[in-house]
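**Student:** Provided below for reference: sequence and predicted model.
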Amino acid sequence: MNDLYNPQRFEQIEDRHQNAFAWRRQDYIPLGIWVVNPEYAVDLDYGQWLEPDGFLDYQIKVLTDSLTVGSDLLPVIGINHLGTALLNTMFGAELFVPKTAIATLQDNGPTPLQLLESIEQVDQMNPPPIDSGLMPQVEQICRHYREHLPGWVGIDGPINNGPFSTAMELRGSGILMDLIDDPQRCLKLVNLIAATKVEAEHHLRRLLACPVDQFHSQFG
């Protein structure tokens, strides 16, 4: 991968993204292309989904191919195979974990299962400790990625849905009626998730040596 290290190009790419986000004129809009070869994922086994080696190897191959074709993306690798599992498990949700990686499952992760049978259960919910749920295992995965990647490759932590999307995962589609019938409890749930999301994100960015005030994702 170090043969693909080009700090001048990466700086240019970042400038192009900043210009695009700010609607500033430039010679062309950055074109971000991910080259994803499904053959790289054939041997991935979700029985070992908390053992990061295979998934890191997959992401390295994808990033290498993408940089090789001259994609206008910053060199950032995502810990995608965890999906949105982390935040949900911090609140106590269980997960459906498939046995094998199929299609793009390696980029989607396990499926969080509904936690709340009724919106009234929000009254018993409290902010979870930072070491709740999968956080200890995720910390180990983050350290593993950081230790085995060159410093010029950024790392995007586990996928973080927005607070309302997470609320829908925890409560299920019933929250759509709850918005009408019990908006105050819905607000409490979304606020609780938002605060936990911010705390978890800051915690993981420190582990990954990512700036807290600037977010380089796999997309810009």
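**Tutor:** Noted; the coordinates are in hand.

**Student:** which residue packs closest to the residue positioned nearest the centre of the chain, ignoring adjacent ones?
**Tutor:** Centroid-nearest residue in the chain: residue 159, 1.9 Å away (criterion: C-alpha atoms, centre = their mean). Leaving aside its chain neighbours, residue 159 sits nearest to residue 84 (5.2 Å; criterion: C-beta to C-beta, 6 or more residues apart in numbering). Heads up, the C-betas are built off the backbone N, CA and C, glycines and all.

**Student:** test my guess that the one you found contacts residue 95.
**Tutor:** No: Residue 84 is not in contact with residue 95 according to C-beta atoms under 8 Å; the separation is 9.9 Å.

**Student:** in terms of neighbours, single out the busier of those two.
**Tutor:** residue 84 (21 against 18; other C-beta atoms under 10 Å).

**Student:** tell me how far the more buried one lies from residue 166.
**Tutor:** According to C-beta to C-beta, to the nearest Å, residue 84 and residue 166 sit 7 Å apart.

**Student:** just the buried positions in the strand or helix carrying residue 178, please.
**Tutor:** Taking DSSP states H and E as the criterion, residue 178 maps to helix 175-181. Burial within helix 175-181, assessed by neighbour count using 16 or more other C-beta atoms under 10 Å, is assigned to 175, 178.

**Student:** what is that helix packed up against?
**Tutor:** helix 163-171, helix 183-207 (3 or more C-beta pairs under 8 Å, 6 or more residues apart in numbering; DSSP states H and E).

**Student:** helices or strands next to the shortest one in the packing?
**Tutor:** To tie it back to what came earlier, the one meant is helix 163-171. Against helix 163-171 (3+ C-beta pairs under 8 Å, 6+ apart) you get helix 85-90, helix 175-181, helix 183-207.

**Student:** so who does residue 133 touch?
**Tutor:** Applying C-beta atoms under 8 Å, 6 or more residues apart in numbering, we find residue 133 in contact with 86, 88, 89, 90, 91, 92, 93.

**Student:** which ones are touching the third one?
**Tutor:** The one in question is residue 89. 95, 112, 132, 133, 134.

**Student:** out of everything not next to it in sequence, what's closest to the residue lying farthest from the centre of the chain?
**Tutor:** Distance to the chain centre peaks in the chain at residue 181, reaching 32.0 Å (criterion: C-alpha atoms, centre = their mean). Spatial nearest neighbour of residue 181, chain neighbours left out: residue 119 (7.8 Å); criterion: C-beta to C-beta, 6+ apart.

**Student:** also residue 53?
**Tutor:** residue 144 is the one closest to residue 53 (C-beta to C-beta, 6+ apart), at 7.8 Å.

**Student:** cool, residue 201 as well?
**Tutor:** Spatial nearest neighbour of residue 201, chain neighbours left out: residue 160 (6.3 Å); criterion: C-beta to C-beta, 6+ apart.

**Student:** residue contacts, the closest residue to residue 7 other than its chain neighbours?
**Tutor:** Spatial nearest neighbour of residue 7, chain neighbours left out: residue 152 (7.1 Å); criterion: C-beta to C-beta, 6+ apart. Contacts for residue 152 (C-beta under 8 Å, 6+ apart) come out as 5, 7, 10, 75.

**Student:** quick one: buried ones out of those?
**Tutor:** The buried subset of the contacts of residue 152 (16+ other C-beta under 10 Å) comprises 10, 75.

**Student:** many thanks, have a good one.
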